[in-house]
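Asks: Next one to model:
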Amino acid sequence: MTKSGIEACELCPRRCSVGRFAAGGARGWCGAADVPRVFRWGPHFGEEPPLVGKGGSGCVFFSRCTMKCLYCQNSPWSWKGAGEDKTVAELAEIFRELAVKDGCSNWNLVSPTPYLPFIREAVAPLIAEGIRLPFVWNSSGYERVETLEEYRDLCDWALFDLRYSRDETAVRLSQAPGYVAASRAAVKWAWRNQTIKQFKQSNNIRARSGTGGLIVRILVLPGHADEAIENLAWLATEVSNEVAVSVMAQYTPAYKALETPPLDRSVTKDEYESVVEAAADYGFENGWIQGYEASDPKLALLGENMSADHGSVG
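Replies: Below is the predicted model:
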C-alpha cells in the first residue's frame, strides 16, 4: 500500500521524508503513521459565522500536528497522540455521520495535513453517492503550497492562521522552522484560489453561510502583539485588506505555557487593543473582532478538556 506524499512524507514544510509505510511502523516527525488517527468529531458552533450555518461546522479533530506549540490547548491529541486509529472505511462513516445525521454545514478538517491522502480516499465514495459538503482546511498555516495544490479538492474554505512574523519566535514557541514564509505563501495561495472574496459587515453580524473562501485568524499572543500587527501589515500590503480576518483575544495559557513567561498569562487589554487598532488602521473591514472579554480564562473552551469520540462543541 502506498500513498502519494506519504511513502517518503513531504506533506508539510518540514519535509521529514520519513517512510511512513516502511516495515517497523516508522512515524513522521509529527508522529503520524500509516493510518489516520482521530480524537473527536461533531458539530462545532464556535467557529466563524459563515462556517457554522444552521447545523454547525462538522469538525474532525485529527491526532498529531506538524507543529509543537508550547501553549497548545489540544495537547492530549496534538502532542501526545490520543485518539483512535481509523480505517479509511471508518473515516468515511465519520464524514457520512457529520453530513447526514448531524446536518453539518461543512466538513471541517482540523490539522489534516498528515492524513490528506486518507481523507481524499475516505470521501470519494460519499461524493460518488452525491454526499458532498464544502471542505474547511483548518490549519496553523504551516503548509506547503505544493501540498495545497495537490489536495485543492479538499479546500473550499481556507481557515489559516498567521501566528508569527518572525521565524525565531516560531521555532522557540512552536518548533516550526520557516513558518513565516510557509504561512504567508499558503495565505497567498488561498487568496488566489478562493471562491468568495468579500464578507460584508452589517450591525455587527458578519457574513452568511457560504461555500468557500479565505479566513485568516490572528490570535494575539501575550508578549507578541507586535507580531500580530506585523502580520496585519503584511496582509494588507502584500495580499489585500479585503481578506476576512478573525482577530482573537481568546488565548488561554495551557500545557507548557503555564511554565513559560509571558505565555503563562492572558493577553493584556493594551496588547489586544493595539492589534484591533492596527486592523482598523490597515483598512480591514471584512471579518470578526472578538471582544476583549474572550481573554477571560473562565470563558475558555480548551480542547484539552474535551472528551473523545463524537460530540458537539459550543
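Asks: Need the phi and psi values for Asp161.
Replies: phi -80, psi 150 (degrees, to the nearest 10).
Asks: That one contacts Gly141, correct?
Replies: Yes. Applying CB atoms under 8 Å, one finds Asp161 in contact with Gly141, separated by 4.5 Å. (C-beta placed from N, C-alpha, C; glycine too.)
Asks: anything in contact with each of these two?
Replies: Common neighbours of Asp161 and Gly141, using CB atoms under 8 Å, 6 or more residues apart in numbering, are Ser183.
Asks: the strands in the stretch 1-150 of the chain, which residues?
Replies: 37-44, 57-62, 84-85, 106-110, 135-139 (DSSP state E, counting those that start in this stretch).
Asks: Could you export these as TSV, including mean pLDDT?
Replies: Output for the strands of the stretch 1-150 of the chain, formatted as TSV (pLDDT from 0 to 100):
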stretch	mean pLDDT
strand 37-44	97
strand 57-62	98
strand 84-85	96
strand 106-110	98
strand 135-139	97
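Asks: in the stretch 51-200 of the chain, which spans are helices?
Replies: Listed in chain order, the helices of the stretch 51-200 of the chain (DSSP state H, counting those that start in this stretch) span 75-78, 88-96, 116-129, 145-150, 167-174, 179-193.
Asks: Quick one: end-to-end distance for stretch 148-159.
Replies: End-to-end distance for stretch 148-159: 13 Å, by CA to CA, to the nearest Å.
Asks: do stretch 119-137 as well
Replies: Stretch 119-137 has an end-to-end distance of 12 Å (CA to CA).
Asks: Now that stretch: buried residues?
Replies: 119-120, 122-123, 126, 133-137 (16 or more other CB atoms under 10 Å).
Asks: With only the CA atoms kept, save stretch 281-300 in PDB.
Replies: This file holds the C-alpha atoms of stretch 281-300, laid out as PDB (Å, rounded to 0.1, in the frame of the first residue of the first chain):
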ATOM      1  CA  ASP A 281      -5.700  51.400  10.500                       C
ATOM      2  CA  TYR A 282      -4.800  49.000   7.700                       C
ATOM      3  CA  GLY A 283      -8.400  49.200   6.400                       C
ATOM      4  CA  PHE A 284      -9.700  45.700   7.300                       C
ATOM      5  CA  GLU A 285     -13.500  45.800   7.200                       C
ATOM      6  CA  ASN A 286     -14.300  42.100   6.500                       C
ATOM      7  CA  GLY A 287     -14.300  39.600   9.300                       C
ATOM      8  CA  TRP A 288     -14.700  39.500  13.000                       C
ATOM      9  CA  ILE A 289     -13.100  41.100  16.100                       C
ATOM     10  CA  GLN A 290     -13.500  39.300  19.300                       C
ATOM     11  CA  GLY A 291     -14.400  41.300  22.400                       C
ATOM     12  CA  TYR A 292     -11.600  41.500  24.900                       C
ATOM     13  CA  GLU A 293     -13.800  39.600  27.400                       C
ATOM     14  CA  ALA A 294     -12.900  36.500  25.400                       C
ATOM     15  CA  SER A 295      -9.500  36.600  27.100                       C
ATOM     16  CA  ASP A 296     -11.100  35.600  30.400                       C
ATOM     17  CA  PRO A 297      -9.800  32.100  31.200                       C
ATOM     18  CA  LYS A 298     -13.200  31.300  32.800                       C
ATOM     19  CA  LEU A 299     -14.700  31.500  29.300                       C
ATOM     20  CA  ALA A 300     -12.100  29.400  27.600                       C
END
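Asks: Any idea which of the helices of the stretch 51-200 of the chain gets closest to Leu302?
Replies: Of all the helices of the stretch 51-200 of the chain, it is helix 75-78 that lies closest to Leu302, at 9.5 Å by CB to CB.
Asks: quick one: the closest one to chain centroid distance?
Replies: Averaging C-alpha positions (CA atoms, centre = their mean, to the nearest Å) puts helix 75-78 14 Å from its chain's average.
Asks: What helices and strands are in contact with it?
Replies: Helix 75-78 is packed against strand 37-44, with contacts defined by 3 or more CB pairs under 8 Å, 6 or more residues apart in numbering; DSSP states H and E.
Asks: now the strand it packs on and strand 106-110, what's the angle there?
Replies: With axes from the mean of the first three to the mean of the last three CA atoms, to 10 degrees defining the directions, strand 37-44 sits at 140 degrees from strand 106-110.
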